[in-house]
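1. give the three-dimensional model of this entry:
(one chain, ligands or ions: 1)
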Amino acid sequence: MPIGLIKRLFPSKEKAPEKPVAKKATAKNTADKNIKAKSNTNKPKPAAKKEAVKWDASKFTVAPQEGKTRFHDLNIDERIMHGIYDLGFEYASPIQAESLPITLAGHDIIGKAQTGTGKTAAFLITVMQKLLSTTPSERFASEPRALVVAPTRELAMQIAQDAKSLGKYTGLKVMTVLGGMDYEKQKVQLTNEVIDIVVATPGRLLDFLMQKVVFLDQVEMLVIDEADRMLDMGFIPDLKRIIRATPEKNLRQTQLFSATYPFDVIALSESWTHKPRQVEIEPESVATDTVDQKFYIIQETEKDKILAGILKSDQVGRAIIFANRRDTTRDLAARLNRMGLNAMLLSGEVAQNKRTATLERFKRLDNTILVATDVAGRGIHVDGVSHVFNYNLPDDPEDYVHRIGRTGRAGAEGTAITFVDEYEAYGLMDLEKYLGKKITTELPPQE
Ligand code: AMP
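-> Next up, the predicted model:
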């Protein structure tokens, strides 16, 4: 990343400021930026400031350990270290240990990692470190310095929450821009306050961009999280327009994360990043201890009947059924409903607010059935899922591991049943190779 260039654009003091970067919030006096200035709302809270003075980094001791990276080894601003200390993190997670040295040095990154790896803190620490290290000569309302785009409201809210915790002592102001809620409130806040980090879902952000409620030409740090889900959910056209409104890729630092890299995501990642470094974190290991894995050899035409039979049995509580394609999930959910089973659909073609409601229902009720695609299903972190069904053997063995990881969580027992039909049997070899063990198939139980 051309740090020099950023420094030219935003002349910095040698030392990071004690206070946050905010100057008085004033509207830019340009014809198209017709924003009314209001008072500065970006002062750190007195309590936080007092704490920041009181806190002593020597309190935060973590013993060096072979093969592990400590946050202490990464030269992170003390105000961020204080947040890390409060969160109770000691050693950097693998994605943090791999990516932070790269991103803190100013490079763009393309990361292959999923939720649960600590990737949120990885990109947020870099964003905050950079924002604290330079002081723009002027700040205005409506102009964030950092933008994080995430596909779903839940994820965006989680990221913003993490940013507030990590950045508790930095004075950096975080705001969410989310579809389906608080339209006027978000608009007023963006228009009147100096915001440092905006965490947004694409639709609402684009809406505000078109209305000139927000301007992205001062974005120094851009994060695109879960790029594959954005693709699955049809957000790429919106995202392209959003990214076009940010500075050129060599004038911003871009961090892009995705759990999988289908062809379209590879192409987009390359066009949105500048000389990126790549990091990849191995998927979570197979939870073989707590998941009983069964592979039923079955004819395609029999899948529905056998699935319905098992679902109606007593042992099944909360169940997720994965299929490989959106249309398969849609049709399957409809057929199960016709068979008297109350199945809900979770895929990229379901509207965001409906998906949130579906997940809520799934969490609340003990006997619920969810039919999901891989990408939509990855965001499901619900304890107490008794069964995962693979209506199709996944094309990618990695997806198999993600799918069965939805059950057997938090030490509970879970069952994963995979249907393997005459067309899918050849895929078992790839899966065996990936899992590093022999798969035993069986016929489904008679009853
Ligand atoms: P994420 O993958 O970003 O959703 O993070 C998964 C969880 O790991 C979150 O609850 C984080 O608070 C937690 N976490 C992130 N980094 C660390 C770390 N270095 N040590 C311990 N927990 C962490």
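
2. strands of the stretch 151-300 of the chain, residue ranges please.
-> According to DSSP state E, counting those that start in this stretch, the stretch 151-300 of the chain carries its strands in the segments 174-177, 197-200, 221-224, 253-258, 277-280, 291-297.

3. output the fourth one as CSV, nothing but the C-alphas.
-> Extracted as CSV, the C-alpha positions of strand 253-258 are listed here (Å, rounded to 0.1, in the frame of the first residue of the first chain):
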residue,chain,number,x,y,z
GLN,A,253,-5.9,-0.6,1.5
THR,A,254,-8.2,-3.5,0.7
GLN,A,255,-8.8,-6.6,2.7
LEU,A,256,-11.0,-9.2,1.1
PHE,A,257,-12.2,-12.4,2.8
SER,A,258,-14.1,-15.3,1.5
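
4. what is the mean pLDDT for it?
-> Strand 253-258 shows a mean pLDDT of 96.

5. before we move on, what about the first one?
-> Averaging pLDDT along strand 174-177 gives 98.

6. got a list of contacts for it?
-> Contacts to strand 174-177, defined as Cβ atoms under 8 Å, 6 or more residues apart in numbering, come from residues 144, 156-157, 160, 163-164, 167, 186, 189-190, 193, 195-201, 204-205, 208, 214. Any C-beta I mention is one placed from the backbone N, CA and C, and that applies to glycine too.

7. domains of the chain?
-> 3-11+18-50+67-280, 291-442 (automatic domain parsing).

8. need those in TSV with distance to Lys59 and mean neighbour count, can you?
-> Output for those, formatted as TSV (distance: least, Cβ to Cβ, whole Å; neighbours: other Cβ atoms under 10 Å):
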stretch	distance to Lys59	mean neighbour count
domain 3-11+18-50+67-280	7	19
domain 291-442	31	17
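
9. let me have the ones you listed in CSV, extended by distance to the ligand.
-> Conversion of the domains of the chain to CSV gives the following (distance: least, Cβ to the nearest ligand atom, whole Å):
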stretch, distance to the ligand
domain 3-11+18-50+67-280, 3
domain 291-442, 9
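
10. mind putting these into TSV with distance to Thr61?
-> What follows is these, written out as TSV (distance: least, Cβ to Cβ, whole Å):
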stretch	distance to Thr61
domain 3-11+18-50+67-280	9
domain 291-442	30
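
11. what's the closest of those domains to Ala57?
-> Set against Ala57 and scored by Cβ to Cβ, the domains of the chain come closest in domain 3-11+18-50+67-280, at 5.4 Å.

12. would you check that Leu345 makes contact with Thr358?
-> Yes - between Leu345 and Thr358 there is a contact at 7.4 Å, judged by Cβ atoms under 8 Å.

13. common neighbours of the two, please.
-> Leu370.

14. what residues are up against the residue nearest to Thr440 when sequence neighbours are not counted?
-> Nearest non-adjacent residue to Thr440, counting by Cβ to Cβ, 6 or more residues apart in numbering: Phe295, 7.0 Å away. Residues near Phe295 by Cβ under 8 Å, 6+ apart: Ile417, Thr418, Val420, Leu428, Ile439, Thr440, Thr441, Glu442.

15. give the helix, strand or coil label for the second one.
-> On the three-state scheme (DSSP: H, G, I helix; E, B strand; the rest coil), Thr418 is labelled strand.

16. beta partners of it?
-> Beta-bridge pairing of Thr418 under DSSP bridges involves Phe295, Asn390.

17. offset the numbering so it begins at 779, please.
-> Taking 779 as the first residue, the last one we looked at is Thr1196.

18. show the contacting residues for it.
-> Thr1196 sits in contact with Gln1071, Lys1072, Phe1073, Tyr1074, Phe1167, Asn1168, Leu1171, Tyr1178, where contact means Cβ under 8 Å, 6+ apart.

19. closest to Ala1023 out of these?
-> Tyr1178 (39.1 Å).

20. the closest one: helix or strand, and which one exactly?
-> For Tyr1178, the host element (DSSP states H and E) is helix 1175-1182.

21. residue ranges in the stretch 979-1128 of the chain under the pLDDT threshold?
-> 1060-1067 (pLDDT under 70).

22. now the helices: where do they sit in it?
-> Per DSSP state H, counting those that start in this stretch, the stretch 979-1128 of the chain carries helices over the ranges 980-988, 1005-1010, 1014-1022, 1041-1050, 1081-1089, 1104-1116.

23. what segments of the stretch 779-928 of the chain are helices?
-> 781-787, 824-832, 856-865, 872-882, 897-911.

24. where among the ones you listed is average confidence lowest?
-> Out of these, helix 781-787 stands lowest, with a mean of 32 (criterion: mean pLDDT).

25. now Val1119: how far from Ala1135?
-> Wrong residue type there; residue 1119 is Leu, not Val. Computed as Cβ to Cβ, to the nearest Å, the Leu1119 to Ala1135 distance reads 19 Å.

26. ok, Glu998 next?
-> From Glu998 to Ala1135 the distance is 37 Å (Cβ to Cβ).

27. with Asp1006 instead?
-> 23 Å.

28. check Tyr961 too.
-> Distance, Tyr961 to Ala1135, by Cβ to Cβ: 19 Å.

29. just Thr1106 next, same as before
-> Thr1106 is 22 Å from Ala1135, by Cβ to Cβ.

30. ok, Gly1155 next?
-> Distance from Gly1155 to Ala1135, by Cβ to Cβ: 16 Å.

31. cool, Ile873 as well?
-> Using Cβ to Cβ, we find Ile873 at a distance of 31 Å from Ala1135.

32. okay, Glu876 and Arg1055: tell me how far apart.
-> Taking Cβ to Cβ, one finds Glu876 at 9 Å from Arg1055.

33. same deal with Thr948?
-> Thr948 is 25 Å from Arg1055, by Cβ to Cβ.

34. same check on Gln1031?
-> Distance from Gln1031 to Arg1055, by Cβ to Cβ: 12 Å.

35. overlap of the contact sets of those two?
-> Common contacts of Gln1031 and Arg1055, defined by Cβ under 8 Å, 6+ apart, comprise His885, Asp886.

36. need the nearest residue in space to Pro1175, chain neighbours excluded.
-> Closest to Pro1175 by Cβ to Cβ, 6+ apart is Tyr1212, at 3.6 Å.

37. ramachandran angles for that neighbour?
-> The phi/psi pair for Tyr1212 (degrees, to the nearest 10) reads phi -70, psi -40.
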